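1. Based on what follows, work out the 3D shape:
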Amino acid sequence: MSNDIRIRKGLDIRLEGEADKAIKQLPLAKTYGIKPDDFHRIIPKLIVREGSEVKAGEALFHSKSDERILFPSPVSGKVTEIVRGERRRILEIRIEANGQEFKDFGKKNVQELSAEQIKEHLLASGCWPFIKQRPYDVIANPDDKPKAIFVSACKTNPLAPDYDYALKGKEVQLQVALSALAKLTTGKVHVSVFKDSSLSPFRNFKDIVLHNVSGPHPAGNVSTQIAEIDPINKGEVVWVVTPQDLVVIGELFLSGHFNITRTLALTGSCVEKPQYVSVVAGAQVSSVVNGNVKSSGTRVISGDVLTGKKVSEDGFLGYYDDQVTAIPEGDDYEFFGWNKPVFNKISTTRAMTFSWLNPKKKYNLNTNTNGEHRAFVMTGMYEEVFPLDIYPMQLLKACLYKDLDELENLGAYEVAPEDFALTEFVCVSKQPHQKIIREGLDLMMQELG
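-> Residues are numbered from 1 along each chain as shown. Down below sits the predicted model:
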């Protein structure tokens, strides 16, 4: 089997506002927030209450269905507010930071630990939520034995952080984490990097199988790599971990501390000075953008423009996000926008659009959908940007009419919502593909387990 993965189908969306190669160390924010919605299908059971004092790494809540899966505080401080919604559903747990005092979980030598001891340590420290599984793209079941573990160190989404730069100096933590994970699978730990990346910190690591990836987005999506390396069949499970979460896991074994400091890319055309910042996950967005974003007509997104979530400056960073993007809100309308040549937008068609003439051009796109929601139209555009050996239109429709047999036969076990971000981008029907797939996967998980 070749370790080179070349993807031909896809689309690179080149935007203005790429982060400069400079890291700014941000001070601790005043307020941090943990949102249970960041952990899909987790029903939180509170361990703390308002007024409780917590250390960084001390559990705030656990999963109602599995008490072993803990969700810790990113900072030390005081729980100031538990925000609830309808039916007392927990929306946010807010912590006022007063420094960074860590709960000590003890230093561990990975080489001396068994697989079960490593698993127990990850669960007790709150690092288990970093491990997600396919199928269903949810937090992994600790009782499963995955056939392989995948790490994608080559993000291809718009304005994605450069992992070769962001992970520089973290080689020791990465190696320790990978060696620990290698003991949890009966198969291999597969790590994917860009083929032309000679500076990747993963190049000389042991306990892994390295793959060289090339091609347009979504070449960096882990589902694309799984399909090329070790496809999932019914009844099989693989686990997925991101590189920045590996750093947290490695730091846990080396220091005994749960330190969820990330190198985050602050990107987008509405950012005055795009750059990298060092920030603790869950920080208030205002402390991250810190006057570096245009004040009016701007949408701030925690994540990238295809899969991220809109947040206000009073909101909080997503738990898994290592990117913040700011682009124009797009609340204006173009007169005869549908009936004139277009030079400043990206399109996969050549119908009065000219982005194909200059594929390297960077664009300043806004959030306009340039159309309204309508019934599915058969155009063949989805297949042009969808590299998996799956029929995307048929799978989307099977999700809508909830045919479980058809979902299985069409390959729903292999996908995650992010895999349909590009089909959603090019969709002339303006259908919410990622939401449709998420609901279909949830139905399968509920009915089939």
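2. how about Ala398, what does it touch?
-> By CB atoms under 8 Å, 6 or more residues apart in numbering, the contact set of Ala398 is Glu406, Leu407, Leu410, Ala412, Gly440. For glycine as for every other residue, the C-beta is placed from the backbone atoms N, C-alpha and C.
3. Now the phi/psi pair for the third one, please.
-> Right, Leu410. Backbone dihedrals for Leu410, given as degrees, to the nearest 10, come out at phi -90, psi 0.
4. Output the below-cut-off pLDDT ranges for the stretch 251-400 of the chain.
-> Residue ranges of the stretch 251-400 of the chain with pLDDT under 70: 334-340, 343, 350-352, 354, 356-357.
5. Just checking, which helix or strand succeeds the host helix or strand of Tyr165 along the chain?
-> Using DSSP states H and E, Tyr165 maps to helix 163-166. Using DSSP H and E, the helix or strand that directly follows helix 163-166 along the chain is helix 171-182.
6. From the contact counts, what lies against the next helix or strand after that following helix?
-> Reading on from helix 171-182 to the C-terminus, the next helix or strand found by DSSP H and E is strand 189-194. Contact here means 3 or more CB pairs under 8 Å, 6 or more residues apart in numbering; DSSP states H and E; on that basis strand 189-194 packs against strand 148-152, helix 171-182, strand 209-214, helix 222-229.
7. Can you point out the buried residues in the first one?
-> What it means is strand 148-152. By neighbour count on 16 or more other CB atoms under 10 Å, the buried set for strand 148-152 is Ala148, Ile149, Phe150, Val151, Ser152.
8. so the first one makes contact with Leu184?
-> No - the pair formed by Ala148 and Leu184 falls short of the contact definition of CB atoms under 8 Å, at 10.6 Å.
9. Reformat the helices and strands packed on strand 189-194 as CSV; add distance to Ser125 and mean pLDDT.
-> Formatted as CSV, those follow (distance: least, CB to CB, whole Å; pLDDT from 0 to 100):
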stretch, distance to Ser125, mean pLDDT
strand 148-152, 18, 98
helix 171-182, 12, 98
strand 209-214, 27, 97
helix 222-229, 24, 96
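10. As JSON lines, the ones you listed with distance to Asn3 would be great.
-> Output for those, formatted as JSON lines (distance: least, CB to CB, whole Å):
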{"stretch": "strand 148-152", "distance to Asn3": "14"}
{"stretch": "helix 171-182", "distance to Asn3": "16"}
{"stretch": "strand 209-214", "distance to Asn3": "5"}
{"stretch": "helix 222-229", "distance to Asn3": "9"}
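11. what's the closest of these to Gly85?
-> Closest to Gly85 of the helices and strands packed on strand 189-194, according to CB to CB: helix 222-229, at 31.2 Å.
12. Kindly calculate the angle that that closest one makes with strand 189-194.
-> With axes from the mean of the first three to the mean of the last three CA atoms, to 10 degrees defining the directions, helix 222-229 sits at 110 degrees from strand 189-194.
13. Also compute the angle for helix 222-229 relative to strand 148-152, please.
-> 130 degrees.
14. which residues are in contact with helix 222-229?
-> The contact list for helix 222-229 (CB under 8 Å, 6+ apart) reads 1, 5, 7, 134, 148, 150-152, 190, 192, 211, 213, 218, 232, 238, 240, 387-389, 414-416, 418-419.
15. ok, Leu181 touching Ile149?
-> Yes - counting by CB under 8 Å, Ile149 is a contact partner of Leu181 at 5.2 Å.
16. Report the set of residues contacting both of those two.
-> Contact criterion CB under 8 Å, 6+ apart; residues shared by Leu181 and Ile149: Val189, Trp239, Val241.
17. which among these gets closest to Asp162?
-> Nearest to Asp162 among these, with distances taken as CB to CB, is Val241, at 18.9 Å.
18. That closest one - how many residues pack around it?
-> Val241 is flanked by 24 other residues according to other CB atoms under 10 Å.
19. Might one say that Val238 is in contact with Ala148?
-> Yes - at 4.9 Å, Val238 and Ala148 qualify as touching, with contact defined as CB under 8 Å.
20. between the two, what contacts are shared?
-> Residues within reach of Val238 and of Ala148 at once, by CB under 8 Å, 6+ apart, are Asp230.
21. Name the residues that touch stretch 11-20?
-> Contacts for stretch 11-20 (CB under 8 Å, 6+ apart): 156, 158-159, 161-162, 216-217, 265-271, 273-276, 305-306, 325-327, 346, 348, 359-365, 384-385, 422, 425-426.
22. If you count neighbours, what's buried in that stretch?
-> For stretch 11-20, using 16+ other CB under 10 Å, the buried residues are Leu11, Ile13, Arg14, Leu15, Glu16, Gly17, Glu18, Ala19.
23. How is the chain divided into domains?
-> By the assignment in the TED database, the chain contains the domains 31-98, 369-448.
24. Can you get me the start-to-end distance on the last one?
-> Its start and end residues considered, domain 369-448 measures 35 Å (CA to CA, to the nearest Å).
25. Also the first one?
-> Taking CA to CA, domain 31-98 runs 9 Å from one end to the other.
26. cool, stretch 264-279 as well?
-> Terminal-residue distance, stretch 264-279 (CA to CA): 7 Å.
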